[in-house]
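S.K.: build me a structure from this.
(one chain, ligands or ions: 2)
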Amino acid sequence: MKRFTSCFFTGVLAVSASFLMPACSAGSAGADGNRRPDSTGLFLINQEGYRPGSAKIALLRLPATEFEVVDEESGRAVYSGKTGKPRYWSLSGDTVRAADFSDLDTPGTYRLVTRQPAASSWPFSIGENVYSDITVASIRAFYFNRSGMEIVPEYGGKWARPAGHPDTSVLIHPSAASPSRPAGTVISSPGGWYDAGDYNKYMVNSGITTYTLLLFLQQYPEYCRELRLNIPESNNTLPDVADELLYNLKWMLTMQDPADGGVYHKLTHKNFSGFVMPHQTTEPRYVVQKSTAAALNFAAVTAMAARVLKNYPGPETENLPETCLRAARKAMAWAREHSDVIYRQPADIQTGEYGDGNLEDEWFWAETELALTGEDPGAINTGYIRDHEFRTPTWNQVEMLGLWSLVLSGQEEFSAAAGLAGGKLMERAGILYKKYNTSPYLVSLDHFEWGSNAEVANQALVKLIAMNISGDEKYLAAIQGDVDYLLGRNATGYCFVTGFGSRSPVNIHHRPSGADGIPEPVPGFLVGGPNTQVMHDCGPLVKRSAFPARSYTDTECSYSTNEIAINWNVPFFYLMGAMDVMTRKAGL
Ligand code: 9MR
Ligand code: 9MR
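M.R.: Ligands and ions are numbered 1, 2, ... in the order given. Coordinates of the predicted model:
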């Protein structure tokens with residue numbers, strides 16, 4: 001396990017010596033609640049920065065009534081203000097005051113300081129392109145998690161590593177046996193991303209992840225044309241974002257049984273491997289049980305891919321839209337014939353389950369995607385739209401994805417359904433906005449489950465898409481609140497993205513990062529974040545706060561708070577990319 005302690009002075013300012021206070025962060029110190037407060041804990045602030053014109057609000061855990069913003073270069077105070085009323089948050093167990101410096105728009109690098117008591121924040125920037133690097137890093141993280149491909153120094157830098165898991169000889173597990181593919185049959189299913197900190201590939205989680213990238217490509221085609229990711233395909237004719245998602249989409253296609261259209265739930269080792277590099281795990285790999293959830297996720301994504309990729313004709317996508325559409329039809333037909341095949345983990349398989357007993361949302365999503373792609377247009381279930389509550393999406397709650405596709409489709413034919421869907425989206429966004437507006441921490445999040453950081457990012461997407469369709473800009477401050485939370489304005493004081501901010505996770509639950517001998521974790525990954533769903537992943541030695549918003553530890557064993565995952569990174573990428581697009585649109 002890696003531990004490092006970073007120590008430096010946060011008060012390198014041309015002000016009094018009392019500002020010179022060291023801020024140390026012990027990477028694996030354990031419970032945040034047990035740490036003595038230092039200046040990082042006293043100022044909760046977005047450690048990356050803000051775009052000019054955006055809301056800029058930090059939270060202070062100090063009794064200070066006044067604050068200043070000091071320019072790093074000149075050491076001069078360029079802004080001063082009064083803090084807001086102290087407010088207690090029951091989920092973090094602390095009291096914070098808002099320091100609002102939204103009016104400061106001059107590009108530069110700054111710190112927030114208070115004189116009574118004397119303290120200083122981490123540095124942050126104001127600038128038009130403050131989110132460009134983090135956007136690129138958050139999608140390059142997918143490249144780093146590619147299965148079956150060597151990560152070469154040219155694109156991977158010091159995180160270069162040999163290829164692992166070619167997956168060209170994968171066994172049919174007994175649970176997946178069929179007449180034409182009995183147990184033990186060898187199939188080839190290469191490519192795709194590792195799901196998370198583990199080395200397995202799961203269809204259900206690939207669903208929401210690949211969908212979200214496709215939606216980004218659909219919504220921001222010009223930006224995607226500009227975005228250079230420095231990946232092996234960067235010199236081909238496709239936007240790099242499309243290349244990255246194709247790497248997983250092509251793997252997904254191999255997970256369909258050509259004989260009957262059914263889709264395997266996952267491709268996996270029998271057990272989670274140890275913390276070794278990908279090429280060091282040579283245990284057999286299996287495809288396990290076909291499931292209705294897998295078929296519906298697969299159908300939704302391939303149907304959407306058929307639609308979106310049509311806009312990118314060229315050698316890399318040749319025949320792909322047609323292949324995807326045929327695959328979607330076949331998977332849907334299989335699902336209709338096997339509408340209730342819930343995934344049940346076989347006794348000899350221990351890896352991630354992604355089990356889901358309620359598939360109503362998957363049906364709605366898949367039927368909507370097929371309809372929008374021109375298949376069975378009557379299949380959009382308007383009764384479902386009317387009667388159901390649309391929740392923030394996660395891997396097992398996907399009705400919102402169908403809603404997004406519908407409201408953003410712009411197809412005349414579906415305008416009635418889209419109108420209905422728009423109402424539902426605005427309803428959810430309104431609820432989230434209200435929560436943000438009354439939250440002492442200025443976030444919509446009010447419960448902490450496994451992957452809470454992704455919930456924050458997905459809530460931001462709900463508000464963003466609501467803003468896109470309604471033009472109501474009030475959502476922007478709430479979206480900024482989510483960005484700020486993820487980049488440091490949260491009760492742990494961490495910027496939750498590896499390699500960014502002044503204090504970010506180092507000991508992530510990510511096998512390559514743990515095994516590669518490089519002190520820094522692979523950059524651009526959003527960690528799962530605080531939750532109280534699982535408290536025992538590190539045993540008794542690592543204590544986590546009982547307050548949900550602080551129940552996080554930067555410790556490798558903490559898979560429930562410090563793992564990374566493709567479905568967590570993807571809404572974060574979408575969010576940061578969308579923010580970056582706004583700057584370019586406004587200013588460039
Ligand atoms: O490393 C595994 C991680 O990727 C999963 O998200 C997590 C939950 O399914 O499980 C981790 O594996 C742990 C296992 O569940 C229990 N024994 C220790 C394993 C490695 O830390
Ligand atoms: O993200 C998943 C979370 O919602 C579940 O509660 C948890 C336990 O089933 O599993 C999480 O997913 C893990 C998957 O099972 C295996 N790869 C790592 C994923 C992230 O921890």
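S.K.: isn't residue 99 right up against residue 79?
M.R.: No: applying C-beta atoms under 8 Å, one finds residue 99 not in contact with residue 79, separated by 10.0 Å. Any C-beta I mention is one placed from the backbone N, CA and C, and that applies to glycine too.
S.K.: how many residues are close by the residue of the stretch 301-450 of the chain found nearest ligand 1?
M.R.: As assessed by C-beta to the nearest ligand atom, ligand 1 sits closest to residue 352 within the stretch 301-450 of the chain, at 5.2 Å. By the criterion of other C-beta atoms under 10 Å, residue 352 has 18 neighbours.
S.K.: what bridges to the residue lying closest to it once chain neighbours are set aside?
M.R.: Nearest residue to residue 352, sequence neighbours excluded (C-beta to C-beta, 6 or more residues apart in numbering): residue 202, at 5.9 Å. Under DSSP bridges, the beta-bridge partners of residue 202 are residue 266.
S.K.: quick check: residues of this protein near ligand 1?
M.R.: With C-beta under 6 Å from any ligand atom as the criterion, the chain meets ligand 1 at residues 196, 197, 198, 272, 352, 557, 559, 563.
S.K.: wait, a helix at the residue of the stretch 301-450 of the chain closest to ligand 1?
M.R.: No: assessed by DSSP: H, G, I helix; E, B strand; the rest coil, residue 352 does not belong to a helix; its assignment is coil.
S.K.: I'd guessed it sits against residue 267; true?
M.R.: No: in this structure residue 352 lies outside contact range of residue 267 using C-beta under 8 Å: 11.5 Å.
S.K.: for the residue of the stretch 301-450 of the chain closest to ligand 1, give its distance to ligand 2.
M.R.: 2 Å (C-beta to the nearest ligand atom, to the nearest Å).
S.K.: give me the pLDDT for that residue.
M.R.: Residue 352 is assigned 98 on the pLDDT scale.
S.K.: and if you look at the one 5 residues further on?
M.R.: Residue 357 is assigned a predicted lDDT (pLDDT) of 96.
S.K.: and if you look at residue 4?
M.R.: 34.
S.K.: and what of the one 5 residues further on?
M.R.: On pLDDT, residue 9 comes in at 29.
S.K.: quick check: longest helix of the chain.
M.R.: helix 415-438 (DSSP state H).
S.K.: tell me the buried residues in that one?
M.R.: 417-418, 420-422, 424-426, 428-429, 432-433, 436 (16 or more other C-beta atoms under 10 Å).
S.K.: model confidence over it, on average?
M.R.: On average, helix 415-438 scores 98.
S.K.: what's the most distant pair in the residues of the chain next to ligand 1?
M.R.: 352 and 557 (16.9 Å; C-beta to C-beta).
S.K.: just the mean pLDDT for stretch 367-381, thanks.
M.R.: pLDDT averaged over stretch 367-381 gives 94.
S.K.: quote the end-to-end distance of it.
M.R.: Separation of the first and last residues of stretch 367-381 by C-alpha to C-alpha, to the nearest Å is 8 Å.
S.K.: check the stretch 151-300 of the chain for the residue nearest ligand 1 and tell me.
M.R.: residue 198 (3.5 Å).
S.K.: residue contacts, that residue?
M.R.: Each residue near residue 198 by C-beta atoms under 8 Å, 6 or more residues apart in numbering is listed here: 272, 273, 351, 352, 511.
S.K.: burial count for the last one?
M.R.: Same thing as residue 511. 24.
S.K.: give the contact list for it.
M.R.: Contacts of residue 511 (C-beta under 8 Å, 6+ apart): 197, 198, 199, 273, 274, 275, 276, 277, 278.
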